[in-house]
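Undergrad: Any chance you can model this:
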Amino acid sequence: MSAQMWNELGERARVWPGRNWPLGATWTPESTNFAVYAPNATAVWLCLFDEDDQETRHRLAEPSQGIWHGAIPRIAPGQRYGYRADGPWAPAQGLRFNVHKLLLDPYALATSGTIRNDPALFGYDWNDPTAASSLDSAPITGRSVVVDPRFDWAGDAPMRTRWRDTVIYELHVKGFTELHDRVPEPLRGTYAGLATPHVVDYLRDLGVTAVELLPVHQFFSEPSLLERGKVNYWGYNTVSYFSPDAGYSSSGDRGEQVREFKEMVKALHAGGLEVILDVVYNHTAEAGPLGPTISFRGLDDRGFYKRVPSADGFDDTYWDVTGCGNTVNTWNDLALRLILDSLRYWVTDMHVDGFRFDLTSALTRTGTEIDFHCALLIAIGQDPILRHVKLIAEPWDTSMDGYLVGRMPPPWVEWNDQYRDTIRDFWRGRSDGVRTVATRIAGSSDLYADDGRSAYNSANFITAHDGFTVRDLVSYAAKHNEANGEGNRDGSDNNRSDNYGVEGETDDAAIVALRRRQAANLMLTVCLSNGVPMITAGDERGRTQRGNNNAYCQDNEISWIDWRPDDAWLDVYELTKTALRLRRDHPALRQRHWFEGTPTIVGGPKDLAWLHPDGREMNDGDWADAGLRTLGVFMSGHPLREPGPHGEQLVDASFVMWFNASAEPVPITLPTNDWVQAGDVVISTDPALPAATAVHAGQQLVLGARTVVVIQAY
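TA: Numbering: from 1, shown residues only. Model (predicted):
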């Protein structure tokens, strides 16, 4: 018997048979079971790494149902590992096996290390892309980590805040605290930093109810970015869908990041804040056919990625509607299983409260066609765990047919970019009258009322991570992305912004005052519109990205929140906080039922009435007036259309809100009727009508140029 055969026998003796479920590394004090799906591989090795980074390989037994498995006794949590898979090198058939490439476990609960831009990272030979590379990638790529999942949640349970009561705050884990002077320096930019009492208190005091974290699944930066000395800051380049990104861990990357993430969720829940994850299941960090081989490509390239249809069923050309080189094939059984297992894991084991799905349209396809009866949507809708968490869709991808705003099925909530564009245009004086503005403020019934959904299927936002901040929206007429190194070609040109006379920052007091008022107007509008408000972190205090509307690669002060009060727009902060408190305290401002423009009880006031500056209700001619820039709305609380929890009639205050986007002051008359006799101004961006000003029916006022005034009736 040869020495090689003896070595193989000894190697097999150290590997117990194990089982083919669950996928990933399942740790117990006795042994750790490893299971990985590679249906077309001819051999798979489990590779263990010691503290000196020395590799020990264990060949796994033949697969069952395409899953290679084995158990190794006495493995300690924190053990780093990976896989090597052998098999055919036939890219045109979707087969890219290369035993020289160390592969991350798609089901790993933690990931250690990262990648370097090096030829060894790629499965093919750089000099001949048709040939397999013989370079070992282990020295320049990450490792998966064995994790002890035990954790004392101390009674923590799902919060299940109702959609009508939800206010979302989109933030970046690192950028939120990296410059925060009240967060201990070792914790800045980490999960632990986000869990510190000062941060939790700030969020709770502001009035938000949920933090939506930009991607925290383990991601790697694209090699092309690394070559330019930059990184993928936003994190939309996932490589491991079960691992919290180790870059946001203050405690280590050998499983400590898992515990730290759980501690963060526990602290945020204790502060009354839900946790929503921005998840990127539509593509991976492996990019197109000439991208790196990190995990999926080396295990099941044929099954995991969609390809351009061809006569023989295979094509080396990836079908890409994500703009990132590949599209995950959710019609594939194991790709679908991975997504569902990942979602359930983050809910059951990590206690998150919901998900925002990046480029959801790419996931809703059977083959290449949009299909609302696709496997993923049906599976999520039937799942007893997932159907009860918050599900938010970014309802588009990079294709023409992928724009699905208003079309996602219940119970999905959608990012409503039509709200964003309409309200931006209104406040910069570019709207075509106020008809569409009114529809957006009232909840976008044109998009959501026809199939039984409510206003809370609309996530209303003015800004998001991709695009201008609110401050930049009122300070720049054009993007300024030169720092990205792409010749200012990247990022959208459709910003619907205005600089009000000077491009960028200025010392002109009048322009600065106007900008701050416009920022407040935008924030108040989104806070007081019917639907789910979403605020981008820092907008409430005037965060700027210096005109960069695509800061995806800016892991620096361009993206981080500056917490110093010196240049903060704290007046905007106070108005935003006041609006959110008003919304929280008054169900009339967050109603579930659609407004009907009719009384809720016989003899009562209309639930909603739109007001012309003349003091009368809007008529058909007013709605057709393309030059109208001022709109009033009456919202009744006497009583609400929605009953209380025991069927009782609910009564709340009534409100009159005025939105004046005109560049000139506008005379208005407060309506004379039985609805409102008198009231107090409770929120105002008009210096001439400050909060606490008493007003009465029939009174004539002058709304200052570009102002919001909210009156609470007695």
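Undergrad: I figured residue 421 was touching residue 496, is that so?
TA: Yes. At 6.0 Å, residue 421 counts as touching residue 496 under the criterion of Cβ atoms under 8 Å. Any C-beta I mention is one placed from the backbone N, CA and C, and that applies to glycine too.
Undergrad: right, and the secondary structure at residue 557 would be what?
TA: Here residue 557 is recorded as coil under DSSP: H, G, I helix; E, B strand; the rest coil.
Undergrad: what's near enough to touch it?
TA: Contacts here follow Cβ atoms under 8 Å, 6 or more residues apart in numbering; on that basis residue 557 touches residue 179.
Undergrad: quick one: it from residue 478, how far?
TA: Plainly put, residue 557 is 21 Å away from residue 478 if you go by Cβ to Cβ, to the nearest Å.
Undergrad: same check, this time on residue 149
TA: For residue 149, the distance to residue 478 equals 49 Å [Cβ to Cβ].
Undergrad: Residue 282 now?
TA: From residue 282 across to residue 478, the span is 30 Å (Cβ to Cβ).
Undergrad: Please say which of these two ends up with more neighbours.
TA: Set residue 282 next to residue 478 and count neighbours by other Cβ atoms under 10 Å: residue 282 wins out with 27 against 13.
Undergrad: Tell me which residues touch residue 283, please.
TA: Residue 283 neighbours (Cβ under 8 Å, 6+ apart): 320, 322, 324-328, 359, 362.
Undergrad: mind redoing it with 7 Å?
TA: 322, 324, 326-328 (Cβ atoms under 7 Å, 6 or more residues apart in numbering).
Undergrad: Now do the buried residues in the host helix or strand of residue 582.
TA: Per DSSP states H and E: residue 582 is located in helix 570-585. For helix 570-585, burial by neighbour count (16 or more other Cβ atoms under 10 Å) applies to 571-573, 575-583.
Undergrad: ok, now stretch 260-276?
TA: Judged by neighbour count (16+ other Cβ under 10 Å), stretch 260-276 contains these buried residues: 260-262, 264-269, 273-276.
Undergrad: How about stretch 357-377?
TA: 357-365, 368, 370, 374-377.
Undergrad: and what of stretch 48-55?
TA: By neighbour count with 16+ other Cβ under 10 Å, stretch 48-55 contains the buried residues 48-49, 55.
Undergrad: follow-up on the earlier one: now the helix holding residue 582: how far from the chain's centre is it?
TA: Relative to the centre of its chain, helix 570-585 is centred 23 Å away, using Cα atoms, centre = their mean, to the nearest Å.
Undergrad: remind me, longest helix of this protein?
TA: As assigned by DSSP state H, the longest helix anywhere in the chain is helix 509-528.
Undergrad: and that helix, what other elements does it pack with?
TA: If contacts are counted by 3 or more Cβ pairs under 7 Å, 6 or more residues apart in numbering; DSSP states H and E, helix 509-528 sits against helix 417-427, helix 470-473, helix 570-585, strand 707-713.
Undergrad: now the first one, how far from the centre of its chain.
TA: Helix 417-427 has its average C-alpha position 20 Å from the chain's average C-alpha position, going by Cα atoms, centre = their mean.
Undergrad: Now the element after it, going C-ward?
TA: helix 435-441.
Undergrad: May I see the buried residues of the next helix or strand after that following helix?
TA: Where DSSP H and E defines the elements, the next helix or strand beyond helix 435-441 is helix 445-448. For helix 445-448, burial by neighbour count (16+ other Cβ under 10 Å) applies to 445, 447-448.
Undergrad: ok, back up a step: how many degrees apart are the helix holding residue 582 and helix 509-528 in direction?
TA: Helix 570-585 and helix 509-528 are oriented at 20 degrees to each other (axes from the mean of the first three to the mean of the last three Cα atoms, to 10 degrees).
Undergrad: quick thing: my sequence starts at 333, can you match it?
TA: Shifting the count to begin at 333 puts that one at helix 902-917.
Undergrad: could I get helix 902-917 in PDB with only the CA atoms?
TA: Output in PDB follows, covering the C-alpha atoms of helix 902-917 (Å, rounded to 0.1, in the frame of the first residue of the first chain):
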ATOM      1  CA  LEU A 902     -30.000  71.600  15.600                       C
ATOM      2  CA  ASP A 903     -33.100  73.600  14.800                       C
ATOM      3  CA  VAL A 904     -34.000  70.900  12.300                       C
ATOM      4  CA  TYR A 905     -33.300  68.300  14.900                       C
ATOM      5  CA  GLU A 906     -35.800  69.900  17.400                       C
ATOM      6  CA  LEU A 907     -38.500  70.300  14.700                       C
ATOM      7  CA  THR A 908     -38.000  66.700  13.600                       C
ATOM      8  CA  LYS A 909     -38.200  65.400  17.200                       C
ATOM      9  CA  THR A 910     -41.300  67.500  17.800                       C
ATOM     10  CA  ALA A 911     -43.000  66.200  14.700                       C
ATOM     11  CA  LEU A 912     -42.300  62.600  15.700                       C
ATOM     12  CA  ARG A 913     -43.500  63.100  19.200                       C
ATOM     13  CA  LEU A 914     -46.700  64.600  17.800                       C
ATOM     14  CA  ARG A 915     -47.100  61.600  15.500                       C
ATOM     15  CA  ARG A 916     -46.600  59.200  18.400                       C
ATOM     16  CA  ASP A 917     -49.100  60.900  20.700                       C
END
